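Student: here you go, sequence then predicted model.
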Amino acid sequence: MSVRQQSNSARARGLTHVHPKDVPLQDALTAVADPVRRAILRELAGLPDWTKACGTFDLPVTKATRSHHFAVLRAAGLIEQRDEGPRRLNRLRRPEFDEAFPGLLDLVLTSPSDR
């Protein structure tokens, strides 16, 4: 295994995915309260699963802050991520999240941006 392959597998092992049913309501509300995270969710909602890499979102934040926002969404059970080569692809976990928190994601996705 090459150094790059080892680095990619170590990176992937660092991903922790929480099922939405195991997320406290307060954590779910905190995750959707931030406008940058809502923008990420809205964009993912309009795309097929696994087609949008983290680095391709147009967000007004630094790379480190972007990583933090994705980690919060992952910890709240809102997104799932997987690595494909150097890219980290995303999936909105809408069915699972809707089952755990009926109506919450609909409210976030349909409310006017940042009011």
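Tutor: The structure has been received and is ready for your questions.

Student: not including adjacent chain positions, what is the nearest residue to residue 36?
Tutor: residue 69 (5.3 Å; CB to CB, 6 or more residues apart in numbering). (Each C-beta comes from the backbone N, C-alpha and C, glycine too.)

Student: next: residue 92.
Tutor: Residue 92 sits nearest to residue 44 (CB to CB, 6+ apart), 4.1 Å away.

Student: likewise for residue 93?
Tutor: residue 80 (5.4 Å).

Student: partner strands of the strand or helix carrying that neighbour, with direction?
Tutor: Element membership for residue 80, per DSSP states H and E: strand 79-84. Sheet pairing of strand 79-84 (DSSP bridges) gives strand 87-92 (antiparallel).

Student: from the chain's centroid, how far away is the partner strand?
Tutor: 8 Å (CA atoms, centre = their mean, to the nearest Å).

Student: mind listing what's buried along the longest helix anywhere in the chain?
Tutor: Secondary structure of the chain per DSSP state H: the longest helix is helix 63-75. For helix 63-75, the neighbour count (16 or more other CB atoms under 10 Å) marks 66, 69, 70, 72, 73, 74, 75 as buried.

Student: now the closest residue to residue 20 other than its chain neighbours: how far from residue 29?
Tutor: Nearest residue to residue 20, sequence neighbours excluded (CB to CB, 6+ apart): residue 77, at 3.3 Å. In this view, residue 77 and residue 29 are 13 Å apart by CB to CB, to the nearest Å.

Student: ok so, going back, could you report the neighbour count for the residue nearest to residue 20?
Tutor: By other CB atoms under 10 Å, 22 other residues sit near residue 77.

Student: just residue 81 next, same as before
Tutor: 19.

Student: now it: how far from residue 43?
Tutor: Counting by CB to CB, the gap from residue 81 to residue 43 is 14 Å.

Student: if I pick the residue most central in space within the chain, what's in contact with it?
Tutor: Nearest to the mean C-alpha position of the chain, counting by CA atoms, centre = their mean, stands residue 79 at 3.6 Å. For residue 79, the contact set (CB atoms under 8 Å, 6 or more residues apart in numbering) comprises 40, 41, 44, 70, 73, 90, 91, 92, 93.
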